[in-house]
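> What shape does this take:
(4 chains)
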There are 2 protein chains.
Amino acid sequence: MKESAICPRLAKAMELLGKRWTTLILYQLLEGPQRFNEIESALPVSGRLLSERLKELEKEGIVERKVYTEVPVRVEYFLTDKGNALEGAIREVEKWSQCWIK
Amino acid sequence: MKESAICPRLAKAMELLGKRWTTLILYQLLEGPQRFNEIESALPVSGRLLSERLKELEKEGIVERKVYTEVPVRVEYFLTDKGNALEGAIREVEKWSQCWIK
DNA sequence: TCAACTTGCTTACTTTTCGTAACTAGATGT
DNA sequence: ACATCTAGTTACGAAAAGTAAGCAAGTTGA
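Residues are numbered from 1 along each chain as shown, chains lettered A, B, ... in the order given. Have a look, this model is predicted:
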């Protein structure tokens, strides 16, 4: 990698959001808190990748994880303030896709 | 891959925009038409990937390519209407990154 | 008692994509 | 003939993604 002329914050943001599935996972979570299996069913992403992405997003403070020790165990993921702040961007992409994707 | 519950248009959009470098390349082109080497210098992307991405974007009608047969040859890439329509989304991500990325 | 089920993952393995660097094509200039 | 410039392409090892099977913990059913 060579040095970049672009803003490092945007570069960092795109390093996160540009990863496969990440934005669709966040889009899914805009609907509200959701369980692992719910997200997995809603998107064509495998458990392996979903687990990986959710960990990354948790580490970045975009998503939080809450465990309910029920039977069987229930784990819910939801957006933090930082995550919810992405709604504008995600909605813009959604709008664009409605207008421009055949 | 299994079937997805989410809107196929958004899925398609994210398949494009979610690829590494794609959004940063478009961000760069928001500045105006640019040559291959200009984009390559502005971003930490290699010629190999830049070439690949620009072809994809051209195929999707998001970017256009114009060759000037000068000495040496000059090739400029610029956003189509479809590409420019992404400005809102890209600016939202930019704003988010300014507010939320350390 | 104990096999079976459920959720939320993890591991193992294959295929695809990426990153780095070297190389090519076409049109000059020296 | 040889070096130079832009705009790529090619080759190849490394990293990431896709697929499928396995696992732990608690509970239910026989």
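
> Could you look up the SS state of A:G32?
coil (DSSP: H, G, I helix; E, B strand; the rest coil).

> do you know how far the spatially closest residue to it that is not a sequence neighbour is from A:I39?
Nearest non-adjacent residue to A:G32, counting by CB to CB, 6 or more residues apart in numbering or on different chains: A:F78, 7.2 Å away. (Each C-beta comes from the backbone N, C-alpha and C, glycine too.) For A:F78, the distance to A:I39 (CB to CB, to the nearest Å) stands at 11 Å.

> do the same with A:L79
Distance, A:L79 to A:I39, using CB to CB: 12 Å.

> Now do the shared contacts for the two.
With contacts defined as CB atoms under 8 Å, 6 or more residues apart in numbering or on different chains, the residues shared by A:L79 and A:I39 are A:L29.

> A:N37 belongs to a helix?
Yes. According to three-state DSSP, A:N37 belongs to a helix.

> between A:F78 and A:I39, what contacts are shared?
Residues touching both A:F78 and A:I39 (CB under 8 Å, 6+ apart): A:L29.

> okay, those two: which has more neighbours?
More neighbours surround A:I39 than the other of A:F78 and A:I39, with 21 against 14 (other CB atoms under 10 Å in any protein chain shown).

> how many other residues sit next to the closest residue to the more buried one other than its chain neighbours?
Closest residue to A:I39 apart from its sequence neighbours, by CB to CB, 6+ apart: A:Q28 at 5.3 Å. By the measure other CB under 10 Å, the count of residues near A:Q28 is 21.

> Surely A:Q28 and A:A42 touch.
Yes. A:Q28 is in contact with A:A42 according to CB atoms under 8 Å; the separation is 5.3 Å.

> shared neighbours of the two, anything?
Contacts common to A:Q28 and A:A42, judged by CB under 8 Å, 6+ apart, are A:Q34, B:I6.

> next SSE after the strand or helix carrying A:K55?
Take DSSP states H and E as the rule and A:K55 turns out to sit in helix A:47-59. Next helix or strand after helix A:47-59 toward the C-terminus (DSSP H and E): strand A:63-68.

> on that earlier part again, residues touching the residue nearest to A:I39, list them.
A:Q34, A:E38, A:I39, A:A42, A:L43, B:I6.

> how near is the residue nearest the centre of chain A to A:L49?
By CA atoms, centre = their mean, chain A has its centre lying nearest to A:L26, at 3.0 Å. Shown here: A:L26 relative to A:L49, a distance of 14 Å by CB to CB.

> again with A:L43
10 Å.

> sorry, back to before: list the contacts of the helix holding A:K55.
A:16, A:19-22, A:25-26, A:36, A:39-40, A:43, A:45, A:63-65, A:77, A:83.

> If anything else comes up later, I'll come back, but that's it for now.
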